[in-house]
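A.B. asks: For reference, the sequence and a predicted model appear below.
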Amino acid sequence: MDEEILTIKEVASYLKVDVRTIYRRLKASDIPAFKLGGQWRFKKQDIDLWIKKNYLNQKSYTEAIVKNIESDVEQTVLVPLLGRVACGKPILAEENIESTIPVSTKIARPPYKYFLLRAKGDSMNKAGINDGDLVLIRQQQTAQNKDIIVALIDDEATIKEYNISNDKIILKPLSSNPIHKPIIVTHDLKIQGVVVSTISDI
């Protein structure tokens, strides 16, 4: 009895996965195959033996492939995007949240909490924060010298570089526009978080 020969499309259908998965297995030399007329072909008998050897049965092979694909998908967390901070309200009050945006856990790393603000103006353009950019902030109430922070001053959120000099706290703009001047904090400073990244074009 002649051996049954399968094409890439047929072996994908047989294994209940998509064609791209078979190409990935071929690239990794992780599936028995041979070339016939310059095209990949598969012996069904070899595929059955390979499944039995590596995955016990066809179902466990499909489950393993799905798990692989899922692990390749970048993990994200939903981060709240804040609008104007209402006077007298906590920065993360429900009424301040415009929407939530998925952000990669490669930059919004657990277990920390994060929020997003949309930058306005050019007071921090030398730090790569331009008008309209989304700024990802890690929530915390402390900062180190030279951190770029989000602070509340008179219930308005501002993004500046945090500086400690002679027991004074100075919030410095990092701007090409000379109109922006440092702010010397003369009363309690409410640090809301530290900038970790800027996300453009959203």
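C.D. replies: In hand now; what should we look at?

A.B. asks: Would you map out the domains in this structure?
C.D. replies: Here the domain assignment for the chain is 5-72, 76-199, based on automatic domain parsing.

A.B. asks: Compare those domains and say which comes out lowest on pLDDT.
C.D. replies: Averaging pLDDT over each of the domains of the chain singles out domain 5-72 as the lowest, with a mean of 75.

A.B. asks: how distant is it from the center of its chain?
C.D. replies: Domain 5-72 has its average C-alpha position 31 Å from the chain's average C-alpha position, going by C-alpha atoms, centre = their mean, to the nearest Å.

A.B. asks: for stretch 122-132, same thing?
C.D. replies: Taking C-alpha atoms, centre = their mean, one finds stretch 122-132 lying 21 Å from the centre of the chain it belongs to.

A.B. asks: what comes up buried for that stretch?
C.D. replies: Residues of stretch 122-132 classed as buried by neighbour count (16 or more other C-beta atoms under 10 Å): 122-125, 127, 129. Glycine gets a C-beta too; all of them are placed from N, C-alpha and C.

A.B. asks: what do you get for stretch 159-167?
C.D. replies: With the criterion 16+ other C-beta under 10 Å, stretch 159-167 contains buried residues 159-163.

A.B. asks: partner residues bridging the spatially most central residue of the chain?
C.D. replies: For the chain, residue 104 is the residue whose C-alpha lies nearest the centre (C-alpha atoms, centre = their mean; 1.2 Å). On the basis of DSSP bridges, residue 104 takes part in beta bridges with residue 76.

A.B. asks: before we move on, what about residue 190?
C.D. replies: Judged by DSSP bridges, the bridge partners of residue 190 are residue 152.
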